[in-house]
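In: pasted the sequence and its predicted model underneath.
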Amino acid sequence: MELKINQQIKQFNAESLSVQSLLDLEIPNKQNGIAVAINNTVVPKINWSRHFVSETDEILIISATQGG
């Protein structure tokens, strides 16, 4: 499966991936303080395990940062 994540094309050896599975592969140790949007729509964290992505989706993963 080929996915566009944060404007970069990446390859995955899976026929289907949930948002949670994708995050487990991409950022396994940094899942606190992030938001995920698919096709410009935020996916609530409670739905990550049951929302599946497809190759046509544009995925944006945003990390919260501190500062001023």
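Out: Done, it's in. Everything numeric in this text was worked out from a predicted model, so none of it was measured. Numbers count the residues shown, from 1 in each chain.
In: now the helix or strand where residue 22 lies: buried residues?
Out: Element membership of residue 22 [criterion: DSSP states H and E] is helix 19-26. Neighbour-count burial for helix 19-26 flags 19, 20, 21, 22, 23, 26 (criterion: 16 or more other C-beta atoms under 10 Å). Heads up, the C-betas are built off the backbone N, CA and C, glycines and all.
In: just say helix, strand or coil for the closest residue to the fifth one other than its chain neighbours.
Out: Distance criterion C-beta to C-beta, 6 or more residues apart in numbering; nearest residue to residue 23, sequence neighbours excluded, is residue 31 at 5.6 Å. Reduced to three states with DSSP: H, G, I helix; E, B strand; the rest coil, the structure at residue 31 is coil.
In: surely residue 31 touches residue 25?
Out: No: Residue 31 is beyond contact range of residue 25, at 11.5 Å (criterion: C-beta atoms under 8 Å).
In: thinking again about what came up before, okay, the buried residues of helix 19-26 in TSV with distance to residue 48 and pLDDT next?
Out: Below are those laid out as TSV (distance: C-beta to C-beta, whole Å; pLDDT from 0 to 100):
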residue	distance to residue 48	pLDDT
19	4	97
20	4	97
21	9	96
22	9	95
23	7	96
26	12	92
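In: can you tell me which of those is closest to residue 10?
Out: Of all the buried residues of helix 19-26, residue 10 sits closest to residue 26, with 7.9 Å by C-beta to C-beta.
In: can you list the strands that the helix or strand hosting residue 42 pairs with?
Out: Assigned by DSSP H and E, residue 42 belongs to strand 41-43. Partner strands and pairing direction for strand 41-43 (DSSP bridges) are strand 34-38 (antiparallel).
In: many thanks, I have nothing further to ask.
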